[in-house]
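Colleague: return a 3D structure for these sequence lines:
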Amino acid sequence: MRIAIEGCTHGELEKTYKTIQQIEEQEGSKVDLLLCCGDFQSTRNLSDLACMACPDKYKSMCSFYKYYNGEAIAPVLTIFIGGNHEASNYLQELAYGGWVAPNIYYLGYAGVVEVNGVRIGGLSGIYKGFDYLNGHFEKPPYDDNTIRSAYHIRNVDVFRLKQLAGHPPNIMLSHDWPRSVYNHGNVDKLLRYKKHFREEVEQDRLGSPPAKDILDTLQPEFWFSAHLHVKFAAVVPHTETNKTTKFLALDKCLPRRQFLQVVSVGPPVTNDEVILRYCPVWLAVLKSTSHLLSVERKPRYTPGPGSNERWDFRPTEEEVADVVKTFNNDFDIPYNFEQTALSYKATGDRLNMRQVPKPQATTNSQTTSFCSKLSIFDPMALLLGTTGSSQGSKFNMAATVSGGSYHSKRVEVEEKVIIAEECKDDKDETKQKEVAKNVKPLAMPAPKVISSNDDFLAVLDTIGDNKIDIEAKDDMFVIDKNGVDNTSKAAEEGTTEEPVKKLKRRNAALYATD
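Modeller: As a prediction, this is how the structure comes out:
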């Protein structure tokens, strides 16, 4: 299966799909799937745009709303995770994933799905130590703090992903890089492009400690990231198992930037069928850990060794069999997308974000249906005072936010040191938070350094033909697989936009308009 990997999308879906079309024409082979590593910006309207954490002068509607309202249709199945520039209010409705538009699927806070048998996992958001142990307490309308903390990853989602050690995804997506991954690639070349990374690299502070924890635990074949706006490849060895993970980070979607890479994973697609399914093992994890969900703005620890209650939630055969029975062995993800907010209508006027009303919190029927079927809790429903689960009358808020299987004295070993020393958020944040006192910084052994050019190039050699350069036309982008900028030719003017391709995929047939 040919999969296009994108770094930071930043709402530029039209340009992304045009670029994929150009690659297909150049290589004479169809791209079957698009995976986006965050900063997707699924903004349906100006109220969604107001929930994106960045200065107003940088806010733009871009083109997602056209795919939301049916004006355009994604020509390839698209799966994405969240980053730190998102319509957080919309994504919070889909905590466990769901369709944000026809043929465009969000993985949720954390999630694993299967596409033609290839397991794809993802962790949305970025790591900030001061929010890591909190519950998912945020809800619209956001203030200056919650508009940012809404996209900070939480320990419960990392804990859930780690339960897949016996059944790991083939591909993992994260917005943050796993910490220390740069030590396994050409770090000198990285620092030539990004000189301001040097101090963090030398102090081994660049990247996400929880993402590294997941990487070390799951050891997937591929790991793709974005966020730092640079293309970087590495081969991460796992000495205990003799496995390796091919890591690739990509740039943001801008002219002459290396933001897209095509890889081949799994068997080729036959009969033009690309089928999206739930992963039953992941569903079993969600069900068995539903009681660990917190929606309170207080530290809550996941259970660890020494607990009087269960702390190992790797699914048993019985738990997976129970999920199979619940879903009647039919794990095809239903197409149950529906528009839940008015779509933006372009007027040509300059945006005035000061006049835009803030959206209110709401649940989403996709999440409600999913939670009811699996008998788990919907965090947004909890925040709004309803259960969001068929467990309804049995639900006790205290068991979820104040105790139950949680207990502040029961601490998983890894989480005793997981809050790192960071004290500042992104550059555009206006307020800083204090890191919890008396918490030791993350202490991990320095990874083995493998930074030769041979190892660096070995990744690119295994994930795509490195011979193809695509020239820019109009507002198109250069996809330079050799890592060399090509700016010698000026963009042609007066070109007309290509019509949207007619979809032939099994899933895509569901999305065609009458």
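
Colleague: so where's the stretch 251-400 of the chain uncertain?
Modeller: 387-400 (pLDDT under 70).

Colleague: same thing but at 90, please
Modeller: Along the stretch 251-400 of the chain, the parts satisfying pLDDT under 90 run over 254-256, 270-272, 306-308, 346-352, 354-355, 386-400.

Colleague: show me what contacts Tyr142?
Modeller: Neighbouring residues of Tyr142 by CB atoms under 8 Å, 6 or more residues apart in numbering: 51, 88-89, 150, 358. In this view, the C-beta of every residue, glycine as well, is placed from N, C-alpha and C.

Colleague: which residues does Thr78 form beta bridges with?
Modeller: In this entry, Thr78 is beta-bridged to Leu34, Ile104, by DSSP bridges.

Colleague: number the chain from 689, please
Modeller: Okay, residue one is now 689; in that scheme the one you just asked about reads as Thr766.

Colleague: isn't Lys900 right up against Tyr870?
Modeller: No: at 11.3 Å, Lys900 does not count as touching Tyr870 under the criterion of CB atoms under 8 Å.

Colleague: out of the two, which sits in the more crowded spot?
Modeller: Tyr870 (27 against 22; other CB atoms under 10 Å).

Colleague: circling back to that earlier point, including secondary structure, neighbour count and distance to Phe847, could the contacts of Tyr830 go into a markdown table?
Modeller: Formatted as a markdown table, those follow (DSSP: H, G, I helix; E, B strand; the rest coil; neighbours: other CB atoms under 10 Å; distance: CB to CB, whole Å):
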| residue | secondary structure | neighbour count | distance to Phe847 |
| --- | --- | --- | --- |
| Cys739 | coil | 23 | 27 |
| Ser776 | helix | 24 | 22 |
| Asn777 | helix | 28 | 25 |
| Ala838 | coil | 24 | 19 |
| Lys1046 | coil | 13 | 32 |
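
Colleague: greatest separation within the residues you listed: which pair is it?
Modeller: Within these, Ala838 and Lys1046 form the most distant pair, 13.2 Å apart (CB to CB).

Colleague: rewinding a little: from the contacts of Tyr830, which has minimum pLDDT?
Modeller: The lowest pLDDT within these belongs to Lys1046, with 93.

Colleague: ok, it to Glu702 distance?
Modeller: 28 Å (CB to CB, to the nearest Å).

Colleague: same check, this time on Asn1024
Modeller: Taking CB to CB, one finds Asn1024 at 26 Å from Glu702.

Colleague: out of those two, which sits in the busier spot?
Modeller: Neighbours per residue (other CB under 10 Å) separate Asn1024 from Glu702, with Glu702 holding more: 17 against 12.

Colleague: ok, the closest residue in space to the more buried one that isn't next to it in sequence - how many residues close by?
Modeller: Excluding the flanking residues, the one nearest Glu702 by CB to CB, 6 or more residues apart in numbering is Ser751, at 4.3 Å. Neighbours of Ser751 under the rule other CB under 10 Å: 19.

Colleague: contact partners for Tyr870?
Modeller: 878, 885, 889, 894-895, 920, 922.

Colleague: lowest confidence element among the helices and strands of the chain?
Modeller: strand 1157-1158 (a mean of 36; mean pLDDT, DSSP states H and E).

Colleague: just the pLDDT for the residue sitting nearest the centre point of the chain.
Modeller: Centroid check for the chain by CA atoms, centre = their mean gives Ile769 as the closest residue, at 2.1 Å. You'll see Ile769 listed with a pLDDT of 98.

Colleague: in a strand, that's where Ala921 is, yeah?
Modeller: Yes: checked against DSSP: H, G, I helix; E, B strand; the rest coil, Ala921 lies within a strand.

Colleague: beta partners of it?
Modeller: With DSSP bridges as the rule, Ala921 is bridged to Leu936.

Colleague: state the pLDDT value of it.
Modeller: 97.

Colleague: ok, it - how many residues close by?
Modeller: Ala921: 25 neighbours (other CB under 10 Å).

Colleague: you'd agree it is up against Val875?
Modeller: No: the criterion here is CB under 8 Å, and Ala921 misses it with Val875 at 11.6 Å.

Colleague: so Ile808 belongs to a strand, correct?
Modeller: Yes: under three-state DSSP, Ile808 sits within a strand.

Colleague: so what's it up against?
Modeller: Applying CB under 8 Å, 6+ apart, the residues near Ile808 are 723, 767, 795, 800-802, 857-859, 861.

Colleague: of those residues, which belong to strands?
Modeller: 723, 767, 800-802, 859, 861 (DSSP state E).

Colleague: CA atoms of the helix or strand hosting Leu779 as PDB?
Modeller: Assigned by DSSP states H and E, Leu779 belongs to helix 776-780. Once non-C-alpha atoms are left out, helix 776-780 reads as follows in PDB (Å, rounded to 0.1, in the frame of the first residue of the first chain):
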ATOM      1  CA  SER A 776      -9.700  22.100  19.500                       C
ATOM      2  CA  ASN A 777     -13.400  22.500  20.200                       C
ATOM      3  CA  TYR A 778     -14.300  20.300  17.200                       C
ATOM      4  CA  LEU A 779     -11.600  17.700  17.900                       C
ATOM      5  CA  GLN A 780     -12.700  17.500  21.600                       C
END
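
Colleague: got the contact list for it?
Modeller: Residues contacting helix 776-780 (CB under 8 Å, 6+ apart): 730-732, 735-736, 739-741, 770, 788, 794, 812, 824, 826-828, 830, 835, 838-839, 1029, 1047, 1049, 1067-1068.

Colleague: any idea how far that helix is from the middle of the chain?
Modeller: Taking CA atoms, centre = their mean, to the nearest Å, one finds the center of helix 776-780 at 13 Å from the center of the full chain.

Colleague: mind listing what's buried in the helix or strand encompassing Lys1013?
Modeller: Take DSSP H and E as the rule and Lys1013 turns out to sit in helix 1005-1014. Buried positions in helix 1005-1014, judged by neighbour count with 16 or more other CB atoms under 10 Å: 1007-1008, 1010-1011.

Colleague: closest to Phe935 out of the residues you listed?
Modeller: Val1008 (29.4 Å).

Colleague: out of all of them, which helix in this structure is the longest?
Modeller: For the chain, the helix with the greatest residue count under DSSP state H is helix 701-715.

Colleague: so which bits of that one are buried?
Modeller: Per 16+ other CB under 10 Å, helix 701-715 contains these buried residues: 701-712.

Colleague: so what does it touch, helix or strand wise?
Modeller: Contact partners of helix 701-715 among helices and strands, from 3 or more CB pairs under 8 Å, 6 or more residues apart in numbering; DSSP states H and E: strand 690-694, strand 721-724, helix 752-756, strand 948-952, strand 1157-1158, strand 1167-1168.

Colleague: thanks again, I'm all set now.
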